[in-house]
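>>> Kindly generate the corresponding structure for this input.
(one chain, ligands or ions: 1)
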Amino acid sequence: MATLFEATLNPDDTPYTADALVAALAGKDVLVSSITDRLDAALIARLPESVKLIAQFGNGFDNIDIEAAYAAALTVTNTPSVLTEDTADMAMMLMLALPRRLVEGAEVLPRDGSWPGWSPTWMLGRRLRGKALGIVGMGRIGSAVAARAKSFGLAIHYFSRNRRPPQLEEKLEAIFHDDLDEMIGAVDILSLHTPLTRDTHHILSRARIARMKPEALVVNVSRPELIDEDALVEAIAAGRLGGAALDVFESRQGISEKLLDLARRHRIVLTAHMASATLEARLEMGETVIVNIRAFSDGHQPPHRVLPEGRARA
Ligand code: 8YV
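Purely as a prediction, here's the structure:
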């Protein structure tokens, strides 16, 4: 981007405050944002008039008030597809990590080499094959997770706003549920792949957590706000739920002590919002941002335009 455009970079990766962002955008045409930039209606109202495009470096765009941007005649784009496979890999890794005690197994080895050796009941976990996986949101990432999970011998169940075509269901042997509550009560692992919207905030609510099987696991590589985290932590701590593997969790006030405690006790696996963090994905995300900017600045509809809910693409 620095080669192609007159780019002003945020060199130390510390998210800008609203004031600093507005100041940095004086006279600029494009804002390349990421998930750490909160572009709410108030911030959008303060953007300099020169700014016409918000080119998000990311698939998710819940940090942007899309309605407000649209009303202000700003174009918003994102970078879908290029991080699908890496994110699905991470979901699969987390799905295996808890039942197969991956983190515990890596930590238990004494650093001084004094490990006494193997025994038949050493590090017993639980088998993944034969379990039922419930996918919430069968979009690109959800489908990529389902394809992997099928080859690991999991039975695929899904809940999605729109039922997927029969060819896909057949390929994945996926069972569609139009009732999320009912699916939640039937699966051993629940993996969340829906974007964060007004409708999906706390989609895994306290009431739904209470419906889960007592040994069930929750996997989340999407957004923390999809889960009522207090309810999740309480259920796991009380032994009413098997555990959780979370790449995303509430951290605005620091990671909660209760969450950390369950992680120390290996009831929860926590990773550092890294599901799409491969060199390949980051480069392709950058390329996609450039394609969006180029198309827009040449007067074309950028390929990855994001519109408010219910508005068809022009
Ligand atoms: C990235 C993500 O961390 O794309 C997303 O929606 O959550 C992550 O893959 C993010 O894109 C950085 O802006």
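>>> Let me know whether stretch 226-240 sits next to the ligand.
No - Stretch 226-240 lies out of reach of the ligand by C-beta under 6 Å from any ligand atom, never closer than 12.0 Å. No exception for glycine: its C-beta is placed from N, CA and C like everyone else's.
>>> Need the distance between the two termini of that stretch.
End-to-end span of stretch 226-240 (C-alpha to C-alpha, to the nearest Å): 20 Å.
>>> mind listing what's buried in that stretch?
226-229, 231-233, 235-237 (16 or more other C-beta atoms under 10 Å).
>>> Could I get the average pLDDT for it?
For stretch 226-240, mean pLDDT is 98.
>>> Run through who's touching it.
With contacts defined as C-beta atoms under 8 Å, 6 or more residues apart in numbering, stretch 226-240 is touched by 136, 192, 194, 196, 200-206, 209-210, 212, 214, 218, 220, 241-244, 249-250, 256, 258-259, 261-262, 267-268.
>>> count of neighbours near residue 309?
Neighbour count for residue 309, taken as other C-beta atoms under 10 Å: 9.
>>> just checking, it touches residue 200?
No - applying C-beta atoms under 8 Å as the test, residue 309 and residue 200 come out as separate, 11.7 Å apart.
>>> Low-confidence stretches in the chain?
For the chain, applying pLDDT under 70 flags the ranges 312-314.
>>> Up against the ligand, what does it have?
With the criterion set to C-beta under 6 Å from any ligand atom, the chain comes near the ligand through 34-35, 57-60, 83, 273, 275-276.
>>> Pull out the buried residues from those.
For the residues of the chain next to the ligand, buried by 16+ other C-beta under 10 Å: 35, 57-60, 83, 273, 275-276.
>>> tell me the two of those residues that are most distant?
Within those, 57 and 275 form the most distant pair, 15.0 Å apart (C-beta to C-beta).
>>> that older thread, the contacts of stretch 226-240 in strands, which ones?
If you go by DSSP state E, these have 136, 192, 218, 220, 243-244, 268 in strands.
>>> Following element in sequence after the helix ranked longest in the chain, please.
In the chain, taking DSSP state H as the definition, the longest helix is helix 279-297. Next along the chain after helix 279-297, taking DSSP states H and E as the criterion, comes strand 305-306.
>>> other SSEs contacting that following strand?
Using 3 or more C-beta pairs under 8 Å, 6 or more residues apart in numbering; DSSP states H and E, the elements in contact with strand 305-306 are strand 75-77.
>>> Residue 123 versus the most far-flung residue of the chain relative to its centre, what's the distance?
Going by C-alpha atoms, centre = their mean, the residue of the chain most distant from its centre is residue 116, 39.8 Å out. Note on residue 116: its distance to residue 123, by C-beta to C-beta, to the nearest Å, is 13 Å.
>>> swap in residue 295?
Between residue 295 and residue 123 the computed distance is 52 Å (C-beta to C-beta).
>>> what about the two, which has more around it?
Higher neighbour count among residue 295 and residue 123: residue 295, with 17 against 11, using other C-beta under 10 Å.
>>> The more buried one against residue 289, yeah?
No - Residue 295 lies out of contact with residue 289 (C-beta under 8 Å); the separation is 11.1 Å.
>>> Now do the same contact list for the residue nearest the centre of the chain.
By C-alpha atoms, centre = their mean, the mean C-alpha position of the chain lies nearest to residue 222, the distance being 1.8 Å. By C-beta under 8 Å, 6+ apart, residue 222 lies in contact with 60, 137, 141, 192-196, 248.
>>> do residue 45 as well
Residue 45 neighbours (C-beta under 8 Å, 6+ apart): 68, 72.
>>> For it, grab phi and psi.
phi -60, psi -20 (degrees, to the nearest 10).
>>> which residue sits closest to residue 187 in space, ignoring its chain neighbours?
Leaving aside its sequence neighbours, residue 187 sits nearest to residue 134 (C-beta to C-beta, 6 or more residues apart in numbering; 3.4 Å).
>>> ok so, going back, nearest to residue 11 among the buried ones among the residues of the chain next to the ligand?
Closest approach between those and residue 11, by C-beta to C-beta: residue 57, at 15.4 Å.
>>> and that closest one, helix, strand or coil?
Here residue 57 is coil, with the state taken from DSSP: H, G, I helix; E, B strand; the rest coil.
>>> now it, nearest residue through space, not along the chain?
Nearest to residue 57 is residue 34, by C-beta to C-beta, 6+ apart, at 4.7 Å.
>>> separation between that neighbour and residue 262?
Between residue 34 and residue 262 the computed distance is 29 Å (C-beta to C-beta).
>>> cool, residue 111 as well?
Plainly put, residue 111 is 24 Å away from residue 262 if you go by C-beta to C-beta.
>>> Alright, that wraps it up for me.
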